[in-house]
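1. Give me coordinates for this.
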Amino acid sequence: MSENKTIKCKKLEEWLGGVPLEEKIKTLETGKMVMCKHCGLSTFDKEKPEDHIKRRCIPSGHSFVERENYIILKRGFSGIVDVVFYSFGTPEEAIILHFKRKR
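-> Here you go, the predicted structure:
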């Protein structure tokens, strides 16, 4: 994304808080969603394997395959508050689209 482009989205501008989008993305947790091909458990790739034990699967354990990318935009006391999932495009495009869709 070009530095010269201005994004006209009030919610995005509030979230950025004056920080350029490219810089803000560097501070966020990103990764891949993964899904167990046996039981269907979907989780973040950065989640600890011990947390997967909560949901039983086949005796040898979960067998994960990668799905779409994710970017965690905000965490709260109870966990993740806002997250973006995307399969195509750049993280910048996914975040801009996410905020444009918010009402």
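2. can we go C-alpha only for contacts and neighbour counts from here?
-> Fine.
3. Show the subsequent helix or strand relative to the helix or strand bottoming out on mean pLDDT in the chain.
-> Considering only helices and strands, the least confidently modelled element of the chain by mean pLDDT, DSSP states H and E is helix 49-52, at a mean of 69. Tracing the chain C-terminally past helix 49-52 and defining elements by DSSP states H and E, one meets strand 64-76 next.
4. Check which helices and strands the helix or strand following that next one sits against.
-> Read in the C-terminal direction, the helix or strand following strand 64-76 is strand 79-86, with elements assigned using DSSP H and E. Where contact means 3 or more Cα pairs under 8 Å, 6 or more residues apart in numbering; DSSP states H and E, strand 79-86 is packed against strand 64-76, helix 91-101.
5. which outside residues touch strand 79-86?
-> By Cα atoms under 8 Å, 6 or more residues apart in numbering, the residues outside strand 79-86 that reach it are 68, 69, 70, 71, 72, 73, 74, 75, 94, 95, 98.
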